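In: pasting the structure only:
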């Protein structure tokens, strides 16, 4: 019946449904595969990410690279560019059903980090920067925003699936916002010891 619907609609879309999975396993001695459950899989993913980035921090330390470079390289190594090319690795360690849990925890970590950056922010330093720094900051946002606007008009002609106004706003904002690693480094969040 599903093939009849696909033939009738002439579509080849993939629909992913998140099946409610149990969080913890009964145990490996009971014959369960721990990676079929959310919590053990998340712990494996988190451990793999932390071990990979810490190993890269240690390797890149003699080259005086900041921690964020190690995190980016760790993402490239664990992502679809290197290890993720292996179907066995991708379906075992980062299956599609685990994306929702991993993404939720990543967003919670990001919110917690930004909260800590806000708590540690010293407003007196911002007040002492003066008008010159404010002008540089505003110029650093307006110029990339204008470049994003120009590119959006050129690129939108190829992609008609998106509303022109939405595309202009997205591209302008995406290019004008300070990169997250740069914001972390300037706020003291990227301290290497």
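Out: Looks like it came in fine. The structure displayed is predicted, hence computed values, not measured ones.
In: what separates residue 51 from residue 131, distance-wise?
Out: 47 Å (CB to CB, to the nearest Å). Where C-beta positions appear, they are placed from N, C-alpha and C, glycine not excepted.
In: Could you check which of the two has the larger neighbour count?
Out: Per other CB atoms under 10 Å, whichever of residue 51 and residue 131 has more neighbours is residue 51, with 11 against 7.
In: just checking, next helix/strand downstream of whichever strand or helix holds the more buried one?
Out: For residue 51, the host element (DSSP states H and E) is helix 38-60. Downstream of helix 38-60, the next assigned helix or strand under DSSP H and E is helix 67-78.
In: what's the spacing between that following helix and its chain's center?
Out: 11 Å (CA atoms, centre = their mean, to the nearest Å).
In: Give the buried residues for stretch 125-144.
Out: Residues residue 144 are the ones in stretch 125-144 that count as buried (16 or more other CB atoms under 10 Å).
In: show me where the chain has helices.
Out: 2-9, 38-60, 67-78, 87-93, 99-120, 123-128, 130-156, 164-176, 180-186 (DSSP state H).
In: Taking helix 99-120 as reference, get the angle to the second one.
Out: Translated: helix 38-60. Between helix 38-60 and helix 99-120, the angle comes out at 60 degrees (axes from the mean of the first three to the mean of the last three CA atoms, to 10 degrees).
In: contacting residues around helix 38-60?
Out: Residues outside helix 38-60 that contact it (CB atoms under 8 Å, 6 or more residues apart in numbering): 21-25, 34-35, 67, 69-71, 73-74, 77-78, 93-95, 98, 101-102, 105, 192.
In: Quick check: buried residues in that helix?
Out: Neighbour counts over helix 38-60 (16+ other CB under 10 Å) mark 38, 40, 41, 42, 44, 45, 49, 52, 53, 56, 57, 60 as buried.
In: Please apply the same query to the fifth one.
Out: By neighbour count on 16+ other CB under 10 Å, the buried set for helix 99-120 is 101, 102.
In: State the mean pLDDT of that helix.
Out: Mean pLDDT, computed over helix 99-120, is 88.
In: That helix packs against which elements?
Out: In terms of contacts (3 or more CB pairs under 8 Å, 6 or more residues apart in numbering; DSSP states H and E), helix 99-120 is packed against helix 38-60, helix 180-186.
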